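K.L.:
return a 3D structure for these sequence lines:
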Amino acid sequence: MEPREFFETLESRVDASKTAGMNNSYVFEIEDAGVWQVDVTDGTIQVTEDGTEGDVTIRATEETFRAIANGEQNPTTAYMTGKLKIDGDMGAAMKLQKLF
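P.N.:
Residues are numbered from 1 along each chain as shown. Purely as a prediction, here's the structure:
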């Protein structure tokens, strides 16, 4: 799945029961693909392109992001090997597993 497709369809794919109680915002900077902000508010997801403010900023190449989104790359392994960079609230970042 391409990054744009991932973010354009995210709102319809996330199970609201898994994100109930979450109140975090995430900025995804995907190299050569774009920037998206994902706001999670007690079970609802809102995605906007070109977001700039989040509790967490995640940076990755398009190749790495695509592999994570397709289930071919473990996000924790990508982070530990430097393929995925995370700035901000690490507790909020760990909650992202509910979105993937």
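K.L.:
lowest average confidence, helix or strand, in this structure?
P.N.:
Lowest on mean pLDDT, DSSP states H and E among the helices and strands of the chain sits helix 16-19, with a mean of 86.
K.L.:
list the helices and strands whatever helix or strand comes next after that one packs on?
P.N.:
Sequence-wise, the next helix or strand downstream of helix 16-19 (DSSP states H and E) is strand 23-31. The contact analysis (3 or more C-beta pairs under 8 Å, 6 or more residues apart in numbering; DSSP states H and E) places strand 23-31 against helix 3-13, strand 34-41, strand 56-61, helix 62-69, helix 90-94. Glycine gets a C-beta too; all of them are placed from N, C-alpha and C.
K.L.:
can you redo those as JSON lines with mean pLDDT?
P.N.:
Shown next, in JSON lines, are the helices and strands packed on strand 23-31 (pLDDT from 0 to 100):
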{"stretch": "helix 3-13", "mean pLDDT": "92"}
{"stretch": "strand 34-41", "mean pLDDT": "95"}
{"stretch": "strand 56-61", "mean pLDDT": "97"}
{"stretch": "helix 62-69", "mean pLDDT": "95"}
{"stretch": "helix 90-94", "mean pLDDT": "91"}
